[in-house]
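1. Mind folding the following:
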Amino acid sequence: MPSTERVPKPPWPLVATCTRGLEDVLAEELRSLGLGEAEIGRGSVRFAGDLRAVYRANLGLRTAIRVLLPLASGNATDRDSLYRLASTVGWERLTGPDQSLAVEAVGRTPELPHSGFAALVVKDAIVDRIRAHRRRRPNVDRADPDLRVHVHLGVDETAISLDSSGEPLSRRGYRLQGAEAPLTESLAAGLLLMAGYDGSRPFLDPMCGSGTLAAEAALIASRSAPGLERNFAAERWPFHDAGVLEDELRQARSRSRTPPAKIAANDIDPKTVAATKKNLRRAHMLRFVTVSRADIHDLDPPGPGSLIVTNPPYGHRLGELEKLRPLYRELGDALKQRAAGCTAWLLVGARELAKEIGLHASRRIVVFNGPIECRFFRYDLYAGSRRRQPPGEAGGSG
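-> Residues are numbered from 1 along each chain as shown. Just a heads-up that it's a prediction; the model follows:
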């Protein structure tokens, strides 16, 4: 590994960001990748490592959105204090006047309510410092920069980091066609891992939408690293080591396998079925998944003890809630009548609809699909299923 005089000597403090509700799953992923103990925050998990850890995390984390290398942090709630904080970083050792950069900011403070303005302040501080040391300023290229800088604004603390990922890790690159209230790839993977899926039991998504759950199930079951088909911003860092990255790629490829159990995805809409097949083909996972057009009434688990995970419509538009009640009753009836011995997990965005399922939930987990607060319900389905409960007592009330 080359000298890292441009940044502090490793192990570095690193941060992996994620969707709220997936922090515990992400921390377990880091441990399973051999990346040590993790400290869980809100929408993020802190860990420590070197350049190899940065590559491994980007290649292997299924639930992360970005992997960041913090450079400076402190109380910076207004324009002047943010500029001073950004000016403390030795940017002239990280990029030169012939290279480009881009700054992204998230969060807000009362004095900095617009993240775009905060990004401009940090950009100005970087450009001014490099110009003072090199007599020339670097270019700004938001589309394809050599150096990506990430700013997280907070009332208590603001952090300025190098973004090692570039395009969010949640965008695997295989999904061309989406559906209403679609799951990001990282959230879909997080739900599957939360449900205990490892590919050893049959899997079914009976309302597959654009096929994201099925694609992520196939990636998990085949032990395919989700980052194998993409590049990362860290590859343009001045201390990037192509040999270390290639070694991590080789190790990741060596772990792949043929899934040991069946994976199936169904939907009643022929256009949706076609979209699922296209997305699975782009993910190189179509050979592992059986995709069929089927009504929920014809629910057919692909094997004994199947894991059923699905993301039914949420009904947040005006008037949709009432229209969706029969669908949720039908889904509950199908699970009760046709999936004995299986385990079902449903991501539900409206508690009123969850009550229509009519089954007792053994677990309820809060997760966020974008801005929508959802409940992830587990239903243990028994032969000779339990008596249907009155709606007010159903598991969806939690």
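
2. Would you check that Gly96 makes contact with Arg134?
-> Yes: Gly96 is within contact range of Arg134, at 6.5 Å (criterion: Cβ atoms under 8 Å). No exception for glycine: its C-beta is placed from N, CA and C like everyone else's.

3. backbone phi and psi for Pro204, please?
-> If you look again at residue 204, you'll see it is Leu, not Pro. phi -140, psi 130 (degrees, to the nearest 10).

4. Please compute how far the host helix or strand of Glu28 lies from its chain's middle.
-> Element membership for Glu28 (DSSP states H and E) is helix 23-32. Taking Cα atoms, centre = their mean, to the nearest Å, the mean C-alpha location of helix 23-32 is offset from the chain mean by 12 Å.

5. Tell me the helices and strands packed up against the helix or strand immediately after that helix in the chain.
-> Going down the chain from helix 23-32, the next helix or strand is strand 39-40, by DSSP H and E. Counting contacts by 3 or more Cβ pairs under 8 Å, 6 or more residues apart in numbering; DSSP states H and E, strand 39-40 packs against helix 23-32, strand 44-49.

6. Give me the mean pLDDT for the last one.
-> If you average the pLDDT over strand 44-49, you get 96.

7. Equivalent analysis for the first one, please.
-> Along helix 23-32, the predicted local confidence has a mean pLDDT of 97.

8. okay, the angle between it and strand 44-49?
-> Angle of helix 23-32 versus strand 44-49, following axes from the mean of the first three to the mean of the last three Cα atoms, to 10 degrees, is 10 degrees.

9. dump the residue contacts of Val106.
-> By Cβ atoms under 8 Å, 6 or more residues apart in numbering, the contact list for Val106 reads 115, 150-153.

10. Quick check: the gap between the nearest residue to Asp269 once chain neighbours are set aside and Gly349.
-> Spatially, and ignoring its direct neighbours in sequence, Asp269 is nearest to Arg293 (7.8 Å; Cβ to Cβ, 6 or more residues apart in numbering). To Gly349, Arg293 is 25 Å away according to Cβ to Cβ, to the nearest Å.

11. more crowded one of those two?
-> More crowded of Arg293 and Gly349, by other Cβ atoms under 10 Å: Gly349, with 18 against 13.

12. my read: that one touches Asn369, true?
-> Yes: between Gly349 and Asn369 there is a contact at 6.8 Å, judged by Cβ under 8 Å.
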